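Visitor: Sharing a sequence plus its predicted fold:
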Amino acid sequence: MREFDLYEPMRRWLQTYLEDKYIGWEVITTIESNGMRLDRVLGKYGIIEVAAIGVEIQIDVLGIVRKNGKHKLFFIEAKKTQLNLHHLGQLWAYCKLIDPEEAFLMTPEGFGSLNKILCVLKREDLLDFGNGKVIKKMKIVRWNRRSNRPDQQTMIPKV
């Protein structure tokens, strides 16, 4: 299995998730952001994120909701292997720079070395991002290939 094979099922899940959560908002999800810089993808939808301009950010699955001139961004980073600190660091950097509404790190293979960091050492603070006024948390979750949706029982932090 290629990592790319995970993108479309995750995009479909994100589309439904956002449509259910943001009723009355325009919902856009795309996987073209995995091969194109974020600023260019957002530009196609008339969105300018100054922090993203000229920066090599490629989001595996991108979600956008917008209404009345406002927009919110949603990121999914997909991994086909067990997770590690490098994977978390990649998404963390994207979140600290762009401050999406929500961000997910998903894998069908398990949490790998992140299991010790998050479950044994209890360092959920490493999931924090936000603008300083509102603290958000990246969500780490196992992707269930059979149901093509995240396994909510495995989500960290618990919601």
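Guide: That came through, no problem. Numbering: from 1, shown residues only.
Visitor: quick one, strands of this structure?
Guide: Taking DSSP state E, the strands of the chain run over residues 26-30, 61-67, 70-78, 102-107, 128-130, 135-137, 139-144, 149-150.
Visitor: Just say which of those strands is most tucked in.
Guide: strand 102-107 (a mean of 23; mean count of other C-beta atoms under 10 Å). Glycine gets a C-beta too; all of them are placed from N, C-alpha and C.
Visitor: Given that one, what are its sheet partners and their directions?
Guide: Under the criterion DSSP bridges, strand 102-107 sits next to strand 70-78 (parallel), strand 139-144 (parallel) in its sheet.
Visitor: So what touches that strand?
Guide: 6, 10, 74-83, 87-88, 91, 94-95, 129, 136, 138-143, 150 (C-beta atoms under 8 Å, 6 or more residues apart in numbering).
Visitor: can we see that at 6 Å?
Guide: Residues outside strand 102-107 that contact it (C-beta atoms under 6 Å, 6 or more residues apart in numbering): 74-79, 83, 91, 95, 138-141, 143.
Visitor: With stretch 66-74 instead?
Guide: Contacts to stretch 66-74, defined as C-beta under 6 Å, 6+ apart, come from residues 25, 26, 47, 63, 64, 65, 100, 101, 102.
Visitor: Who are the contact partners of the fourth one?
Guide: Spelled out, that is residue 63. 14, 18, 29, 74 are the contacts of residue 63 under C-beta under 6 Å, 6+ apart.
Visitor: same question, the third one
Guide: By C-beta under 6 Å, 6+ apart, the contact set of residue 47 is residue 71.
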